[in-house]
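Participant: please find the sequence and the predicted model below.
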Amino acid sequence: MRCAVHSLQLAIRDGLKDRHAATLIGKLRQVAIAARTQKNYAILKRRAGNGTFLDQATCWDSTYLMIKRLLELKTFLGDLDNQNVSLTENQWAQVQELENAVSALCYQEFAI
């Protein structure tokens with residue numbers, strides 16, 4: 001018998017494989033990688049106190065953490081004046097919606 005958390009993790013991963021979500025997450029990975037260059041990382045660390053977080057296949061909530069960190073750094077990423085780390089306002093709105101959906105699934109308290 002599988003545990004409930006593992007089943008939830010698999011369901012979330014399947015949902016994130018949706019074409020639209022996968023495309024958006026792929027773009028976010030590109031932004032996170034571009035922001036991790038030595039120059040951009042130093043600027044972010046100095047101004048925001050944090051760098052970007054890159055998701056990992058072996059850590060089930062790392063995609064959520066990557067999305068959340070990018071939303072926290074949104075203003076600072078815009079200040080970098082680097083096309084590789086910029087998103088449109090529409091894309092940022094989609095990122096916020098994705099974060100809200102994943103957050104609601106991953107981090108809600110279950111009453112048993």
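Facilitator: Okay, I see it. Residues are numbered from 1 along each chain as shown.
Participant: report the central residue of this structure.
Facilitator: Closest to where the C-alpha atoms of the chain average out (C-alpha atoms, centre = their mean) is Ile67, at 1.6 Å.
Participant: now the helix or strand hosting that one: buried residues?
Facilitator: Using DSSP states H and E, Ile67 maps to helix 62-72. For helix 62-72, burial by neighbour count (16 or more other C-beta atoms under 10 Å) applies to 63-64, 66-70. For glycine as for every other residue, the C-beta is placed from the backbone atoms N, C-alpha and C.
Participant: which of these sits closest to Gln94?
Facilitator: Nearest to Gln94 among the buried residues of helix 62-72: Ile67, at 10.6 Å, using C-beta to C-beta.
Participant: where does the chain have its least confident helix or strand?
Facilitator: Scoring the helices and strands of the chain by mean pLDDT, DSSP states H and E places helix 4-16 at the bottom, with a mean of 70.
Participant: show the average pLDDT along the following helix or strand past it.
Facilitator: Next along the chain after helix 4-16, taking DSSP H and E as the criterion, comes helix 19-35. Per-residue pLDDT over helix 19-35 has a mean of 91.
Participant: regarding the residue lying closest to Glu72 once chain neighbours are set aside, what is its secondary structure?
Facilitator: Distance criterion C-beta to C-beta, 6 or more residues apart in numbering; nearest residue to Glu72, sequence neighbours excluded, is Asn50 at 7.1 Å. What DSSP: H, G, I helix; E, B strand; the rest coil gives for Asn50 is coil.
Participant: what do you get for Leu87?
Facilitator: Three-state call for Leu87 (three-state DSSP): coil.
Participant: what's the neighbour count on it?
Facilitator: The number of residues packed near Leu87 is 18, by other C-beta atoms under 10 Å.
Participant: show me the contacts for it.
Facilitator: 27, 31, 77, 95 (C-beta atoms under 8 Å, 6 or more residues apart in numbering).
Participant: I'd like to know which of these is nearest to Leu105.
Facilitator: For the contacts of Leu87, the nearest to Leu105 is Val95 (15.9 Å; C-beta to C-beta).
Participant: host element of that closest one?
Facilitator: Using DSSP H and E, Val95 maps to helix 89-107.
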